[in-house]
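Enquirer: coords please:
(one chain, ligands or ions: 2)
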Amino acid sequence: MMRLRRYLRDSGRVLAFVFVASVIWLLFDMAALRLSLNEVNSQLLKERVIKEKEIFKQQFGATQHMKRGFKHPVQRVDWAVTQARKGTGTSGVKLAQVYRHEGKEQDKKWNFIKKQGDDVPKRDDGAALYNFTPKQGVPGKKKKVNFDLNVAVVNITHKNKLAYKGEPVKVAQSLLHRKDSKANKAVKNQLQEEEAHLVKTTAEQPANTDKEKQDVKDREQVLVTVTSTLHAEKEPVKPSVSLPVGGHAKDNSTAVRKPGVHKVLSLDMTARPRDANAVGQFGQAALAGWKEDAEVRKRWDEGYFNVYLSEKIPLDRAIPDTRPDMCAQNLVHDGLPSTSVIFCFVDEVWSTLLRSVHSVLNRSPPHLLKEIILVDDFSTKDYLKKQLDDYMAQFPKVRIIRLKERQGLIRARLAGAAVAKGEVLTFLDSHVECNVGWLEPLLERIYLDRKKVPCPVIEVISDKDMSYMMVDNFQRGIFKWPLVFGWSAVPPADIKKNNMTISDPIRCPVMAGGLFSIDKKYFFELGTYDPGLDVWGGENMEISFKIWMCGGEIEIIPCSRVGHIFRGQNPYKFPKDRQKTVERNLARVAEVWLDEYKDLFYGHGYHHLQDKKVIDIGNLTEQIELRKNLKCKSFKWYLENVYPDMVAPLVKAEGLVFNRGLRKCLALHNGSLSFETCDLSKQAQHFNYTWMRHIRQQNLCVAPRGSSGFALLSCDNTKPELRWFHKSSNSALVEHLIAEFVSHHMCLEAESRSDTLRLNPCEPSNTFQKWEFTHYLA
Ligand code: UD2
Ligand code: MN
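Expert: Ligands and ions are numbered 1, 2, ... in the order given. A predicted model of the protein is given here:
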């Protein structure tokens, strides 16, 4: 009994202990729960008050993650940004060789392929593209995306609210009188006026009509300008490159110069609050369900891109700020010249045209944006008429010009330029999205030297999912024969020699064509484009050669970035045959600008263009005259100084012409051909094998005559009968000289007995039909 009682007493103790312990445990637990609840609450509270920027980031990450099962997309952006910014242009990633296949190859344009086991999407030519949705497993190094754009926007929203609530003057004063610095005085004065105006009118009268609202919106942007400017003042930043101020600008700059500088304005007035769930928001890929496939396909041909998806994406979506980090810190001058932005379009898709315009309105400092000129190149679509007029009526800065007949993009641009009021012309394609801070870095270059022609980095808006992709660093526009545009990396030696960083301007031998700024006066001094160029193509070559050879410079500005939809085909009709149009334009360019190098153009598959019966390239007198009057340099100078890594031998082969069977060399004496013992010192034995495929000495060309003879004729590029195939792809006859004009294969053969020449049916193993020049240059 005692035992039992003791036992119960003991177990009672144990029970009591267990009970007490449980209570304590529970208390702890509750405290912990409370703590975490508090944390959640405070977190929620925080979330409610954090700036829109942070909300963006949060919603962006969370919703994307849930909805699409992706990794955090910011990481992807981070990855892309990191990779691209890290790159030196010589990294393991094969760099961009993005060719716009003009002329003969043009239909192959822009085929995107994804190589197996390759995380970086590439174009068919190997260009690496960085978008923000690469496959999983990407080495993700976290790096902050530059969403700085929102800071200015957020601040200003807040400030504007105050202004509307009747405290405008206070806000304005606190903004404008924080600190005085000499450097910012000029821009301050200018902005102060606008600011005062904004504050006054906003307080006096609320905006009612759309026009007024836009006006307020515009002026709000001025306020953003003021904020950012003062921000720059508050935290002085060092320019990453030394920036010549005012008087240091080149002599040929005519604009009125003000001495101050400010941090480049990172404006983004896109709609707020942003719908983070909107399709394509933040430049993300827009995805269509399989059910929508038919619709996607049906609408594709309207623009040769995903028109269906484009319509679902907000007209003012945000895109990631893809500039290299230091760009946002760069200084630009106060009092930059104003610009007219010119968009030419023919039958452009509604949503992309509007998105292009919105991106300019939302991301350009209003005091620098004089106007936006839309040149309608005789579009056939109804929605581009009254509906467009009505839509654009809400933006006082937008003007629409309608051409009475189809002129083509070249003359359409000229029509825009003719009425432009800005000091600078900025041409853009009508399916672009200008990124944050895109404009000032362009205008800055022109401010420093009016003969500089800056181009933004052209990023890629996917034609398939409309995602915004960034491209490699250190890319410049180049051409390959026959005047085919492409991208190539800046030679690493140049990067090293010039100590280039990824945000430095890049000398660019040829511009892509669509997107650039140019001082208006300078554009007209240069004689604009050759107005004889038709519809589309080649004008980028023409303006590039003209700029470089006549004293200007073309640059790509990495701190200015604009996305563009590259389309597989032109979605509009060509009044004449597309290929013939481009060929004709290129031939005009070659004739006016290439000097003796034009043979390289014709020699790369355009021999037929020299026959005036085949193609009429029109009158060139004015263009040739212009080049003379401008005292432009030679194409040789251009190659040596602007594009020295271009291989451009004037002939395909040269030197002695050795016959394998005879083991002797061809010689020309007194108008007749014979064979001699080879001797490099004898000029009579020196021949060229030219781009026109001539076997040529001085002005004489070897030609077949009759069924088996040959003749020496005076060289004439238009005559196909003077041409010989040599080193052609026919490997059995690779060493032979095959008469091009003769229907069946006839080859040049050395007569062993008479030491002269004959034309005989080609025999692959006949050594008397095998020839070798001393030097092959191409
Ligand atoms: C590129 C250029 C483009 C132009 C073209 C021809 C870029 C990003 N784009 O091809 O600007 O230089 O090469 O060399 O560098 N358009 C007209 N009328 C016409 C044809 C076109 O107004 O008869 C408009 C068209 O709506 C578009 C712009 O001109 O806005 C450029 O045409 P594109 O987009 O078809 O040229 P793209 O980008 O293939
Ligand atoms: Mn385009």
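Enquirer: partners of the spatially closest residue to Val657 that is not a sequence neighbour in the sheet?
Expert: Distance criterion CB to CB, 6 or more residues apart in numbering; nearest residue to Val657, sequence neighbours excluded, is Leu666 at 4.1 Å. For every residue, glycine as well, the C-beta is placed using N, CA and C. In this entry, Leu666 is beta-bridged to Phe675, by DSSP bridges.
Enquirer: Let me see the contact set for Leu666.
Expert: By CB atoms under 8 Å, 6 or more residues apart in numbering, Leu666 lies in contact with 656-657, 659, 673-675, 685, 687, 757.
Enquirer: interface residues of the stretch 401-550 of the chain facing ligand 1?
Expert: Contact residues, the stretch 401-550 of the chain versus ligand 1 (CB under 6 Å from any ligand atom): 408-409, 412, 429-430, 458, 512-515, 535-537, 539-540.
Enquirer: quick one on the thing from earlier: save the contacts of Leu666 as TSV, and put in pLDDT too.
Expert: Converted to TSV, these look like this (pLDDT from 0 to 100):
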residue	pLDDT
Leu656	98
Val657	98
Asn659	97
Leu673	91
Ser674	91
Phe675	94
Gln685	98
Phe687	98
Leu757	90
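Enquirer: What residues does the chain have near ligand 1?
Expert: 344-346, 348, 377, 408-409, 412, 429-430, 458, 512-515, 535-537, 539-540, 564, 570, 572.
Enquirer: re the thing from before, let's see which of the residues of the stretch 401-550 of the chain next to ligand 1 end up in strands.
Expert: Under the assignment DSSP state E, those contribute Ile458 to strands.
Enquirer: correct me, but Phe523 touches Ala417?
Expert: Yes - using CB atoms under 8 Å, Phe523 is in contact with Ala417, at 6.4 Å.
Enquirer: Residue ranges of each domain in this protein, please.
Expert: 17-59, 82-247, 294-641, 651-776 (automatic domain parsing).
Enquirer: Confidence-wise, which of these is weakest overall?
Expert: Ranked on mean pLDDT, the bottom entry among these is domain 82-247, at a mean of 33.
Enquirer: any chance you could map the strands in the stretch 201-350 of the chain?
Expert: 261-263, 331-333, 339-345 (DSSP state E, counting those that start in this stretch).
Enquirer: Show me what the first one is packed up against.
Expert: In terms of contacts (3 or more CB pairs under 8 Å, 6 or more residues apart in numbering; DSSP states H and E), strand 261-263 is packed against helix 182-204, helix 210-234, strand 331-333.
Enquirer: Please work out which of the strands of the stretch 201-350 of the chain is packed deepest.
Expert: strand 339-345 (a mean of 26; mean count of other CB atoms under 10 Å).
Enquirer: Tell me which residues are up against that one.
Expert: 353, 356-357, 360, 364, 368-377, 379, 384, 409, 412-413, 416-417, 420-430, 439, 443, 517, 520.
Enquirer: If any of those residues are buried, put those into a ChimeraX selection.
Expert: The ChimeraX selection below is limited to those of the contacts of strand 339-345 classed as buried (16 or more other CB atoms under 10 Å):
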select :353,356,357,360,364,368,369,370,371,372,373,374,375,376,377,379,384,409,412,413,416,417,420,422,423,424,425,426,427,428,429,430,439,443,517,520
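Enquirer: among the contacts of strand 339-345, which are in strands?
Expert: 369-376, 424-428, 517.
Enquirer: re earlier: mind putting the strands of the stretch 201-350 of the chain into CSV with distance to Phe635?
Expert: Formatted as CSV, these follow (distance: least, CB to CB, whole Å):
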stretch, distance to Phe635
strand 261-263, 38
strand 331-333, 34
strand 339-345, 29
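Enquirer: who wins for proximity to Pro558 among these?
Expert: strand 331-333 (14.3 Å; CB to CB).
Enquirer: For Thr270, state which of the contacts of Leu666 is nearest.
Expert: Phe687 (65.4 Å).
Enquirer: what about that closest one, distance to ligand 1?
Expert: Computed as CB to the nearest ligand atom, to the nearest Å, the Phe687 to ligand 1 distance reads 38 Å.
Enquirer: ok, that residue touching Lys652?
Expert: No - counting by CB under 8 Å, Phe687 does not reach Lys652; the two are 11.5 Å apart.
Enquirer: which one of those two has more residues nearby?
Expert: Taking neighbours as other CB atoms under 10 Å, Phe687 and Lys652 compare with Phe687 leading, 27 against 22.
Enquirer: What are the neighbouring residues in contact with the more buried one?
Expert: Applying CB under 8 Å, 6+ apart, the residues contacting Phe687 are 654-657, 666, 668, 695-697, 773.
Enquirer: again, only using 10 Å
Expert: 651, 653-657, 665-668, 673, 694-698, 700-702, 773-774 (CB atoms under 10 Å, 6 or more residues apart in numbering).
Enquirer: Select only the buried ones of those residues in PyMOL?
Expert: To isolate the buried members of those in PyMOL, using 16+ other CB under 10 Å:
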select buried, resi 651+653+654+655+656+657+665+666+667+668+673+694+695+696+697+700+701+702+773+774
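Enquirer: Of the residues of the stretch 401-550 of the chain next to ligand 1, which is the nearest to Asp449?
Expert: Distances from Asp449 to these, taken by CB to CB, are shortest for Leu515, at 19.4 Å.
Enquirer: what's the burial count for the closest one?
Expert: Neighbours around Leu515, by other CB under 10 Å: 22.
Enquirer: Over to Asp679?
Expert: Asp679, neighbours per other CB under 10 Å, totals 11.
Enquirer: Over to Thr756?
Expert: 13.
Enquirer: What of Leu287?
Expert: Leu287: 15 neighbours (other CB under 10 Å).
Enquirer: And it, its phi and psi?
Expert: phi -110, psi 130 (degrees, to the nearest 10).
Enquirer: Grab the nearest non-local neighbour of it.
Expert: Asp465 (6.6 Å).
Enquirer: The closest residue to Ala684 other than its chain neighbours: what's it in contact with?
Expert: Distance criterion CB to CB, 6+ apart; nearest residue to Ala684, sequence neighbours excluded, is Ala667 at 4.6 Å. Shown in contact with Ala667 (CB under 10 Å, 6+ apart): 656-657, 673-679, 682-687, 697, 755.
Enquirer: For Ala667, give its distance to ligand 1.
Expert: 47 Å.
Enquirer: Against which helices or strands is the helix or strand that contains Arg476 packed?
Expert: Arg476 belongs to strand 475-480 when assigned by DSSP states H and E. The contact analysis (3 or more CB pairs under 10 Å, 6 or more residues apart in numbering; DSSP states H and E) places strand 475-480 against strand 452-461, strand 484-489, strand 506-507, helix 539-549, strand 553-565.
Enquirer: at 8 Å what do you get?
Expert: strand 484-489, strand 506-507, helix 539-549, strand 553-565.
Enquirer: what does stretch 605-617 rub up against?
Expert: For stretch 605-617, using CB under 8 Å, 6+ apart, the contacting residues are 103-104, 482, 580, 583-584, 586-588, 591, 602, 692-693, 717-718, 720, 723.
Enquirer: 6 Å instead, please
Expert: 104, 482, 583-584, 587-588, 602, 717-718 (CB atoms under 6 Å, 6 or more residues apart in numbering).
Enquirer: Going along the chain, name the helices of the stretch 601-750 of the chain.
Expert: For the stretch 601-750 of the chain, the helices defined by DSSP state H, counting those that start in this stretch cover 621-629, 635-641.
Enquirer: Could you identify which of those is most buried?
Expert: Using mean count of other CB under 10 Å, helix 635-641 ranks as the most buried of those, with a mean of 16.
Enquirer: what's near enough to touch Lys770?
Expert: 660, 735.
Enquirer: do you know how far it is from Leu666?
Expert: Here the criterion is CB to CB, to the nearest Å. By it, Lys770 lies 13 Å from Leu666.
Enquirer: go on, Ile518?
Expert: Distance of Ile518 to Leu666, computed by CB to CB: 52 Å.
Enquirer: Check Leu409 too.
Expert: Relative to Leu666, and taking CB to CB, Leu409 is found at 50 Å.
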